[in-house]
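S.K.: fold the following.
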Amino acid sequence: MMKRTLLASIVALLLAACGSEPLRVTPPPGDETPLPPGIGETAPPAVETPNRIDPPEPMPEAEGAFRWPVKGTVVERRGGGGIAIRAAGEVVAVKSGRVQLLLSAWQGRRNLVILRHADGFLSEVSDVDEILVPIGKAVRQGEPIARLRATGTMRFRLYREKQALDPALFLP
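M.R.: Numbering: from 1, shown residues only. Below you'll find the model as predicted:
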């Protein structure tokens, strides 16, 4: 029962990141396990909270070229698994877009920010110390979205049409 609840939560988060309709989950007959809040029920009218802007701001046009999310040293390259960068300071948007998803922890990553770009790309930064933007905020290329307080290692990934890409092939 715990696995079903966890799976339903993960699927709902992924659908929310892709902009799909909210997931409606109904338990099998005889299953009385409570579902997490917001799963299997219609959400109440959205309101602006410190980590969400509702309705989301309009999507800005994406630039042709990417920029590095932070000035630092690449310490690991995993192809479609992204790159690890040792750095400190502000982490910026690699292209203009809209904040799609924020997570404090997911699959071994912490403080994850996903931006959706108008050209179909998704960019992800994770393992940062502080997130500076709410969900739904439109950001311009180079605008700070997160912060590394001390020299640490952050991760950067790129996706397009559900396919993980090697970010090193797209960065200058």
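S.K.: and Ile135, how many neighbours does it have?
M.R.: Ile135 has 20 neighbours, counted by other C-beta atoms under 10 Å. (C-beta placed from N, C-alpha, C; glycine too.)
S.K.: dump the residue contacts of it.
M.R.: 51-53, 56, 99-102 (C-beta atoms under 8 Å, 6 or more residues apart in numbering).
S.K.: next one: Ala146
M.R.: By C-beta under 8 Å, 6+ apart, the neighbours of Ala146 are 90-91, 111, 113, 125, 128-133, 154.
S.K.: work out for me the element Cys86 sits within.
M.R.: No Cys there; residue 86 is Arg. Here Arg86 sits within strand 83-92, counting by DSSP states H and E.
S.K.: who touches the helix or strand following that strand?
M.R.: As assigned by DSSP H and E, the chain's next helix or strand after strand 83-92 is strand 97-106. Applying C-beta under 8 Å, 6+ apart, the contact partners of strand 97-106 are 13, 16-17, 19, 51, 56-57, 59-60, 62, 109-118, 121-123, 131, 133-139, 145.
S.K.: wait, Lys95 sits on Gln141?
M.R.: Yes - using C-beta atoms under 8 Å, Lys95 is in contact with Gln141, at 5.2 Å.
S.K.: so where do the helices sit in the protein?
M.R.: 2-18 (DSSP state H).
S.K.: mind giving me the domain ranges of it?
M.R.: Domain ranges of the chain: 1-44, 72-169, per automatic domain parsing.
S.K.: if we can go back for a sec, the contacts of strand 97-106 in strands, which ones?
M.R.: Members of the contacts of strand 97-106 lying in strands (criterion: DSSP state E): 109-116, 121-123, 131, 138-139, 145.
S.K.: about what we covered before: which one's more surrounded, Lys95 and Gln141?
M.R.: Lys95 (24 against 17).
S.K.: quick revisit: kindly reformat the contacts of Ala146 as TSV containing neighbour count, pLDDT and distance to Pro172.
M.R.: Converted to TSV, those look like this (neighbours: other C-beta atoms under 10 Å; pLDDT from 0 to 100; distance: C-beta to C-beta, whole Å):
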residue	neighbour count	pLDDT	distance to Pro172
Glu90	18	95	18
Val91	28	95	17
Asn111	21	87	25
Val113	24	93	21
Val125	27	94	17
Val128	25	91	22
Asp129	15	91	26
Glu130	11	91	26
Ile131	20	92	25
Leu132	17	93	24
Val133	20	93	23
Met154	24	93	18
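S.K.: I am finished for the moment; much appreciated.
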